[in-house]
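Asker: Okay, sequence plus prediction incoming.
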Amino acid sequence: MHIGIDDTDSVKNGCTTYLAALLTEKLTQMNVQFQDYPTLIRLNPNVPWKTRGNGAICLRFQHQTHLTNDIKQLTLNLLEENSQTNNKGTNPGIVFYQHEQIPPVLTTFSRQTETSIVTIEHAVKLIRKIGAEALGYNTCRGIIGALAAIGETLTDDYTYELIAYRTPANWGTKRCVDKESIFNMDRLLQPNVFNNIDTEKNRVIITPRGPDPILFGIRGESADVVKQAFKLVKPLEPVERWVIFRSNQGTDAHLTYVPSINKLKCYNSIVLKAVVSKDPKIIPVRHVLFSIKDDFGEVDCIAYEPTGDLRRAARELVIGDYVEVTGAVKRATKNKSLTLNLEKINVISLNQKLVQHNPFCPDCQKRLKSMGKNQGFRCNWCSKKFVDLKKQEHALPRALKQGVYVASPRSQRHLTKPSRRLGQEKNDTPVVFIKDWYWP
Ligand code: ZN
């Protein structure tokens, strides 16, 4: 059986992964054989109605036939006890699928939910077609993510996350984890763990801030390494339970390559090559704005202030630089066309950064004064005029180098591939079950 669940968390509390952790424990008591780690699938981060992380989960296991109904009932009970079904904006969905193989049409659907906008009608049609069962609350939008989680089998690149949960008594209070132990863990296990700390701000980012049940989540390349990492981190409050998830986080699964600016679609995250057409300028709250163009159009790009290195790189661009940008396509407003919110810039080639100077006086070797546009120059020392001299151009050294600049970890999307993962991508790598991948 495959169980997909999505959107059980409201803005205030709850967390779909916590439900997966509870379900894992209960299913163990029913002697099921897990076929995979629970999977945590992040969907299109630009969906306007998402709750926080826009993540769905899936559990895959074999069970004794007579337990089918008990398992479904158990899942519904857990969801109703633990989700915010009466909360406006929470639209939980559950999907049960009883076939062993995932049909290709479902895999395609999952890919669409990661990269674009999918309708509930589309999901319901597919559920009927493949013979799955679904249950939704409120607008039922959670069914889309629940179905997508089942169809995403993570056969290409994937990562792991070990999530440790707090005891309910502590939910909503300040999280207590020894900061030094997290820095130490990251030092020892890099590059096989990622997004634990923001080196720029010297800040821990494995602990969320909200009132949800998560104490911390450690992301890495293997189940083994996230478990090692867990042993190195010292929590200063009780851990109620923990589970290792397999995930599409940090894999760039949300990106679509587009050949030209006229092919940009709202709410997609895209990768596009173009030439810088307007110099960067700083706009209020220190964001950096510049434009790029190709033969088919021109589009504005914004690097937001918290993106750190990415923003600093954007500020150094000049007209004529050839770049590959990665970012979310934001909807047009009344006096503005589409805008790209940047996640990455790959600087492919640098143009010259030219500055103009007045020429020197041939006699005094002093810098001449301009007499006005196209009026020539005058020397303040010998008072001679030079109407035929032209401004001189110099190329300034560029502070920017070719290469990829990624948003700082604190502002990265869950799906964004961090620099540390470059070269570590998996491809059809078999899943290895480690002993004890959840507790209790
Ligand atoms: Zn002179």
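Answerer: Arrived safely.
Asker: Quick check: nearest residue in space to residue 307, chain neighbours excluded?
Answerer: residue 407 (4.0 Å; C-beta to C-beta, 6 or more residues apart in numbering). In short, each C-beta sits where N, CA and C put it, glycine included.
Asker: residue contacts, that neighbour?
Answerer: 303, 306, 307, 308, 309, 310, 342, 343, 344, 416 (C-beta atoms under 8 Å, 6 or more residues apart in numbering).
Asker: and the two most separated of the residues you listed?
Answerer: Farthest apart among the contacts of residue 407 by C-beta to C-beta are 306 and 344. That separation is 14.6 Å.
Asker: buried set for stretch 121-129?
Answerer: 123, 124, 126, 127 (16 or more other C-beta atoms under 10 Å).
Asker: where does the last one fall, helix, sheet strand or coil?
Answerer: For residue 127, the secondary-structure state derived from DSSP: H, G, I helix; E, B strand; the rest coil is helix.
Asker: State the distance from it to residue 103.
Answerer: Between residue 127 and residue 103 the distance is 12 Å, computed by C-beta to C-beta, to the nearest Å.
Asker: Equivalent analysis for the second one, please.
Answerer: Residue 124 sits 16 Å away from residue 103, going by C-beta to C-beta.
Asker: who in this structure is up against the ion?
Answerer: With the criterion set to C-beta under 5 Å from the ion, the chain comes near the ion through 361, 363, 364, 379, 381, 382.
Asker: now the third one, nearest residue through space, not along the chain?
Answerer: This means residue 364. residue 381 (4.4 Å).
Asker: Which element, helix or strand, includes the one you found?
Answerer: Counting by DSSP states H and E, residue 381 is held by no secondary-structure element, helix or strand.
Asker: what about it, how many neighbours?
Answerer: Residues near residue 381, counting by other C-beta atoms under 10 Å, number 11.
Asker: Residue 281 touches residue 291, doesn't it?
Answerer: No - look at residue 281 against residue 291 with C-beta atoms under 8 Å: they stay out of range, at 10.1 Å.
Asker: Looking at these two, which is more packed in?
Answerer: For residue 281 versus residue 291, the count of surrounding residues by other C-beta under 10 Å is larger for residue 291: 18 against 10.
Asker: Which strands and helices lie in contact with the longest strand along the chain?
Answerer: Assignment by DSSP state E gives strand 269-283 as the longest strand of the chain. Under the contact criterion of 3 or more C-beta pairs under 8 Å, 6 or more residues apart in numbering; DSSP states H and E, strand 269-283 touches strand 255-257, strand 287-294, strand 297-303, helix 309-315, strand 322-330, strand 339-349.
Asker: how distant is the second one from the center of its chain?
Answerer: Right, strand 287-294. Counting by C-alpha atoms, centre = their mean, to the nearest Å, strand 287-294 is centred 21 Å from the centre of its parent chain.
Asker: Nearest to the ion: which residue in the stretch 101-250 of the chain?
Answerer: Residue of the stretch 101-250 of the chain nearest the ion, by C-beta to the ion: residue 200 (50.5 Å).
Asker: ok, now which ones touch that residue?
Answerer: Residue 200 is in contact with 308, 309, 408, 410, counting by C-beta under 8 Å, 6+ apart.
Asker: Now, of the residues you listed, which are buried?
Answerer: The neighbour-count test (16+ other C-beta under 10 Å) marks 308, 408 as buried among those.
Asker: Quick check: of the contacts of residue 200, which lies closest to residue 28?
Answerer: The nearest member of the contacts of residue 200 to residue 28, counting by C-beta to C-beta, is residue 410 at 35.7 Å.
Asker: Ramachandran angles for that closest one?
Answerer: Here is the backbone geometry of residue 410 (degrees, to the nearest 10): phi -70, psi -20.
Asker: so can I have a markdown table of the buried residues of stretch 121-129 showing distance to residue 192 and pLDDT?
Answerer: What follows is the buried residues of stretch 121-129, written out as a markdown table (distance: C-beta to C-beta, whole Å; pLDDT from 0 to 100):
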| residue | distance to residue 192 | pLDDT |
| --- | --- | --- |
| 123 | 36 | 96 |
| 124 | 41 | 96 |
| 126 | 37 | 97 |
| 127 | 38 | 97 |
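Asker: Those residues: which two are farthest apart?
Answerer: Largest pairwise distance in the buried residues of stretch 121-129, by C-beta to C-beta, is 7.3 Å, between 124 and 126.
Asker: all helices for this structure, in order.
Answerer: 16-29, 68-82, 104-115, 120-130, 142-151, 179-189, 223-232, 309-315 (DSSP state H).
Asker: Let me know which of these is tucked in deepest.
Answerer: Greatest average neighbour count among the helices of the chain goes to helix 142-151 (a mean of 30), per mean count of other C-beta atoms under 10 Å.
Asker: quick revisit: just the buried ones among the contacts of residue 407, please.
Answerer: For these, buried by 16+ other C-beta under 10 Å: 303, 306, 307, 308, 310, 342, 343, 344, 416.
Asker: Surely the fourth one is in contact with residue 405?
Answerer: No - shown here, residue 308 and residue 405 do not form a contact pair, counting by C-beta under 8 Å, at 9.3 Å.
Asker: Tell me how many other residues surround the residue in the stretch 201-350 of the chain that the ion sits nearest to.
Answerer: Residue nearest to the ion within the stretch 201-350 of the chain: residue 318 (33.1 Å; C-beta to the ion). The tally of other residues near residue 318 (other C-beta under 10 Å) stands at 17.
Asker: Contact partners for residue 387?
Answerer: 375, 376, 377.
Asker: Likewise for residue 120?
Answerer: By C-beta under 8 Å, 6+ apart, the contact set of residue 120 is 139, 140, 141, 143, 144.
Asker: Ramachandran coordinates for residue 332?
Answerer: phi -70, psi 140.
Asker: I'd say it and residue 338 touch.
Answerer: Yes - with contact defined as C-beta under 8 Å, residue 332 counts as touching residue 338 (5.4 Å).
Asker: These two: which is more packed in?
Answerer: residue 338 (16 against 11).
Asker: which residues does the more buried one contact?
Answerer: 264, 266, 299, 300, 329, 330, 331, 332.
Asker: do that again at 6 Å, thanks
Answerer: Counting by C-beta atoms under 6 Å, 6 or more residues apart in numbering, residue 338 touches 264, 299, 329, 332.
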